[in-house]
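1. I'd like to go over a predicted model; first the sequence, then the structure.
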Amino acid sequence: MSSSSSCAKPEFEVGECVAGFEVIKKLGSGGFGAVYHVKKDGMEMALKTEFIDEENNEETLKNEVHMLRMMQWSPSFCRLFTAKRVSFHAIRDLHFSGIIHRDVKASNCGWHAASRRILLFDLGFSRKFLKVDPTTLKVSHRSARKAPGFMGTSKYCSVFAHDELDQGRRDDLWAWLYSTVELFLGTLPWNTEEKSILVSKMKKRVGKKLFYKCPREFALMYEHIRQLKFDSSPDYQMMMNLFQQMKIRLEIDESDPMDFEEGSAFFEEYFCGQTDSEKEMNSDYQSTVPDVLESHRNRKSDIVTLGSRSASSDDENKLGRLAAGFNRAINRLMSF
């Protein structure tokens with residue numbers, strides 16, 4: 001089973017009422033269901049929906065609700081409404097509760113601006129890895145299953161998941177590491193490869209070279225994760241210490257705006273389509289243009305701005321910034 005599996009998904013129209021929730025817009029869809037922006041009693045929230053596969057008895061949403069109920073103690077997980085840093089702390093909390101996620105990736109995380117915390121969600125593929133002996137009440141790790149099948153997303157999953165081996169805590173950390181590297185570098189070597197078997201081969205071949213352009217702490221985390229066995233308990237404290245070491249060494253202030261927040265060093269360039277050189281040119285231009293041209297500048301509102309506020313690749317970002325530059329040049333010509 002894969003998170004990219006194709007199946008029918010519930011479809012609702014804007015303004016439609018679903019179980020008392022008014023649909024505002026569709027936020028997106030995954031392999032098994034769709035998520036809608038809804039409101040009820042003055043509160044806005046996300047409503048996740050799916051069809052039940054009665055033939056195969058698959059109901060990932062029911063499993064997700066069950067797991068979310070178990071995780072309500074952790075601030076790194078969504079609050080449940082009705083029956084219903086990617087973050088290392090959230091994964092750690094999940095593992096401490098005896099649960100593995102099995103589909104860790106950036107798109108399964110959200111940013112809570114008020115608390116400045118990353119939230120981990122989409123527990124539809126999660127599974128308990130601990131079991132309790134009903135007689136002795138002794139807690140132990142489940143034995144590895146022989147042929148559990150594929151679970152996760154090919155781009156981020158571990159090589160063990162590619163080989164359809166049973167997953168443990170190490171596999172969540174592999175997916176977390178790949179996702180984090182992608183956020184840091186903007187890409188992964190296998191980003192354009194669609195065949196899972198080739199992605200697996202590339203992951204096995206790249207080794208530590210994947211982290212050459214990352215902070216050196218990434219390679220240390222990699223060395224720890226690659227030594228973990230199916231039932232190994234990761235050294236979360238050691239990895240958290242590496243985060244702290246990285247923060248001090250790189251002079252990172254956690255109170256600083258995130259790259260995608262206004263006020264950050266990269267917000268204007270990557271989310272508003274304006275490069276440093278363009279900002280300097282704009283500044284020089286604004287200081288030399290006479291005020292008498294102000295009325296003519298109003299005509300620039302007739303020009304459709306082509307900048308991209310976000311992009312899925314560096315190429316798209318460059319295209320967005322280039323388009324934004326052309327728009328600004330056209331606007332200036334219109335001023336005269």
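-> Nice, I can see it.
2. send the alpha carbons of stretch 214-232 over as PDB?
-> The C-alpha coordinates for stretch 214-232 follow below in PDB (Å, rounded to 0.1, in the frame of the first residue of the first chain):
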ATOM      1  CA  CYS A 214      24.400  20.200   5.000                       C
ATOM      2  CA  PRO A 215      25.500  21.200   8.500                       C
ATOM      3  CA  ARG A 216      27.900  18.500   9.700                       C
ATOM      4  CA  GLU A 217      25.500  17.400  12.400                       C
ATOM      5  CA  PHE A 218      23.300  15.800   9.700                       C
ATOM      6  CA  ALA A 219      26.100  13.300   8.900                       C
ATOM      7  CA  LEU A 220      26.300  12.400  12.600                       C
ATOM      8  CA  MET A 221      22.600  11.800  12.800                       C
ATOM      9  CA  TYR A 222      22.900   9.700   9.600                       C
ATOM     10  CA  GLU A 223      25.600   7.500  11.200                       C
ATOM     11  CA  HIS A 224      23.400   6.900  14.200                       C
ATOM     12  CA  ILE A 225      20.200   6.100  12.200                       C
ATOM     13  CA  ARG A 226      21.900   3.700   9.800                       C
ATOM     14  CA  GLN A 227      23.100   1.600  12.700                       C
ATOM     15  CA  LEU A 228      19.600   1.100  14.100                       C
ATOM     16  CA  LYS A 229      18.000  -2.300  13.800                       C
ATOM     17  CA  PHE A 230      14.200  -3.000  13.300                       C
ATOM     18  CA  ASP A 231      13.500  -3.000  17.100                       C
ATOM     19  CA  SER A 232      16.300  -0.600  18.200                       C
END
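3. quick one: low-confidence ranges for the protein?
-> Applying pLDDT under 70 to the chain flags residues 1-10, 19, 29-33, 48, 50-87, 259-260, 264-336.
4. what ranges do the strands span in it?
-> Taking DSSP state E to define them, one finds strands in the chain at 17-18, 21-29, 33-40, 43-50, 99-100, 109-112, 117-120, 127-128, 130-132, 139-141.
5. Tell me which strands the second one pairs with, and in which orientation.
-> Read that as strand 21-29. strand 17-18 (antiparallel), strand 33-40 (antiparallel) (DSSP bridges).
6. on that earlier part again, would you list the strands of the chain in CSV and tack on mean neighbour count and distance to residue 262?
-> From N, CA and C alone the C-beta is placed, and that goes for glycine too. As requested, the strands of the chain are exported to CSV (neighbours: other C-beta atoms under 10 Å; distance: least, C-beta to C-beta, whole Å):
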stretch, mean neighbour count, distance to residue 262
strand 17-18, 13, 34
strand 21-29, 14, 22
strand 33-40, 18, 22
strand 43-50, 17, 21
strand 99-100, 23, 36
strand 109-112, 15, 13
strand 117-120, 19, 18
strand 127-128, 16, 39
strand 130-132, 13, 43
strand 139-141, 12, 46
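7. between these, which one is nearest to residue 172?
-> strand 99-100 (5.4 Å; C-beta to C-beta).
8. That closest one pairs with which strands, parallel or anti?
-> strand 127-128 (antiparallel).
9. Not counting its own residues, what contacts the partner strand?
-> If you take C-beta atoms under 8 Å, 6 or more residues apart in numbering as the criterion, strand 127-128 is touched by 98, 99, 100, 102, 142, 167.
10. could the strands of the chain go into CSV alongside distance to residue 198?
-> Below are the strands of the chain laid out as CSV (distance: least, C-beta to C-beta, whole Å):
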stretch, distance to residue 198
strand 17-18, 41
strand 21-29, 26
strand 33-40, 29
strand 43-50, 30
strand 99-100, 26
strand 109-112, 27
strand 117-120, 29
strand 127-128, 27
strand 130-132, 35
strand 139-141, 32
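11. and residue 216, which of these is closest to it?
-> Taking C-beta to C-beta, strand 117-120 is the member of the strands of the chain nearest to residue 216, at 22.9 Å.
12. Many thanks, we can stop here.
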